[in-house]
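Asker: Quick one, fold the following:
(chains A and B)
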Amino acid sequence: DAMVIQNPRYQVTQFGKPVTLSCSQTLNHNVMYWYQQKSSQAPKLLFHYYDKDFNNEADTPDNFQSRRPNTSFCFLDIRSPGLGDAAMYLCATTRDRGYEQYFGPGTRLTVT
Amino acid sequence: SQQGEEDPQALSIQEGENATMNCSYKTSINNLQWYRQNSGRGLVHLILIRSNEREKHSGRLRVTLDTSKKSSSLLITASRAADTASYFCATDGNQGGKLIFGQGTELSVKP
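Answerer: Numbering: from 1, shown residues only, chains lettered A, B, ... in the order given. Next up, the predicted model:
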């Protein structure tokens, strides 16, 4: 089935040790999003790609970066994770602006 | 900044009862969407309602939109234990397709 896949599902990293989360999609959607969701909170948009056009939210920490090497894959890099970066990271896609988003199962990041 | 505010924050009902969740927002929108999230999982899209629509149905779900009051409601009829989840509204304004999520309503349906 066409879907949004995130790897790994659970990631444990040490304070300050870089980590990369990955997302792939078989929907051939143009738009991909990365959200951060902390416990009992709403998802918060970090950045999104409209095709190759990268859009960073104003309040996304500099510590967070993203790459989209092709339509199918998108990566979230956290250069120096702090304890406050522990969260669920959600990837989502949509065929175009103004349509519903399809979410992956998320990666739960723990920082020790 | 948070666009959508949801009410109630938590709702506990018995199986078979109806569940109503409300969402209010502040600025103009292109559409409003409802998502469900089971504990520890990703979000699942339920319904999208456009700004020129007033009501939409999907199975046991009914969504209304009142743009004059900047509010929406999600009604789940004949609820089941499997409906237990968090429900989020999300608004799509003129921000390049970005969704702004509300804080969510945590629904518990007891068998």
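Asker: Which residue is the nearest non-sequential neighbour of residue A:109?
Answerer: Counting by C-beta to C-beta, 6 or more residues apart in numbering or on different chains, residue A:11 is the residue found nearest to residue A:109 once chain neighbours are left out, at 5.0 Å. For glycine as for every other residue, the C-beta is placed from the backbone atoms N, C-alpha and C.
Asker: no wait, residue B:38
Answerer: That would be residue B:85: by C-beta to C-beta, 6+ apart, it lies 4.9 Å from residue B:38.
Asker: How many residues are close by residue A:105?
Answerer: Here the number of neighbours of residue A:105 (other C-beta atoms under 10 Å in any protein chain shown) works out to 18.
Asker: now it: how far from residue A:97?
Answerer: Distance of residue A:105 to residue A:97, computed by C-beta to C-beta, to the nearest Å: 24 Å.
Asker: Helix or strand: which one has the residue of chain A found nearest chain B?
Answerer: Of all residues in chain A, residue A:97 sits closest to chain B, at 2.8 Å by C-beta to the nearest C-beta. Using DSSP states H and E, residue A:97 sits within no helix or strand.
Asker: so what's it up against?
Answerer: A:31, A:50, B:92, B:96-97 (C-beta atoms under 8 Å, 6 or more residues apart in numbering or on different chains).
Asker: Reformat these as a markdown table; add distance to residue B:73.
Answerer: Below are the contacts of residue A:97 laid out as a markdown table (distance: C-beta to C-beta, whole Å):
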| residue | distance to residue B:73 |
| --- | --- |
| A:31 | 28 |
| A:50 | 31 |
| B:92 | 18 |
| B:96 | 27 |
| B:97 | 24 |
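Asker: Filter those down to just the ones in strands.
Answerer: Residues of those located in strands (DSSP state E): A:31, A:50, B:92.
Asker: And the last one, how close does it get to residue B:49?
Answerer: In other words, residue B:92. 10 Å.
Asker: For residue B:19, state which of the contacts of residue A:97 is nearest.
Answerer: Closest approach to residue B:19 among those (C-beta to C-beta): residue B:92, at 23.9 Å.
Asker: Can you tell me who the closest one pairs with across the strands?
Answerer: Counting by DSSP bridges, residue B:92 is bridged to residue B:31, residue B:99.
Asker: That one against residue B:31, yeah?
Answerer: Yes: under the criterion of C-beta atoms under 8 Å, residue B:92 makes contact with residue B:31 at 4.8 Å.
Asker: Overlap in contacts, those two.
Answerer: What both residue B:92 and residue B:31 touch, as defined by C-beta under 8 Å, 6+ apart, is the set residue A:98.
Asker: who's more crowded, those two?
Answerer: The residue with more neighbours, out of residue B:92 and residue B:31, is residue B:92; 25 against 20, by other C-beta under 10 Å.
Asker: What pLDDT does the model give the more buried one?
Answerer: In this model, residue B:92 is scored at 92, pLDDT.
Asker: again with residue A:2
Answerer: Among the per-residue scores, residue A:2 holds a pLDDT of 61.
Asker: thinking again about what came up before, would you reformat the ones in strands among the contacts of residue A:97 as TSV and include distance to residue B:42?
Answerer: Shown next, in TSV, are those (distance: C-beta to C-beta, whole Å):
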residue	distance to residue B:42
A:31	16
A:50	21
B:92	19
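Asker: Who are the packing partners of the helix or strand of chain A with the lowest mean pLDDT?
Answerer: Every helix and strand in chain A was compared by mean pLDDT, DSSP states H and E; the lowest is strand A:53-56, with a mean of 90. Under the contact definition 3 or more C-beta pairs under 8 Å, 6 or more residues apart in numbering or on different chains; DSSP states H and E, strand A:53-56 sits against strand A:44-50.
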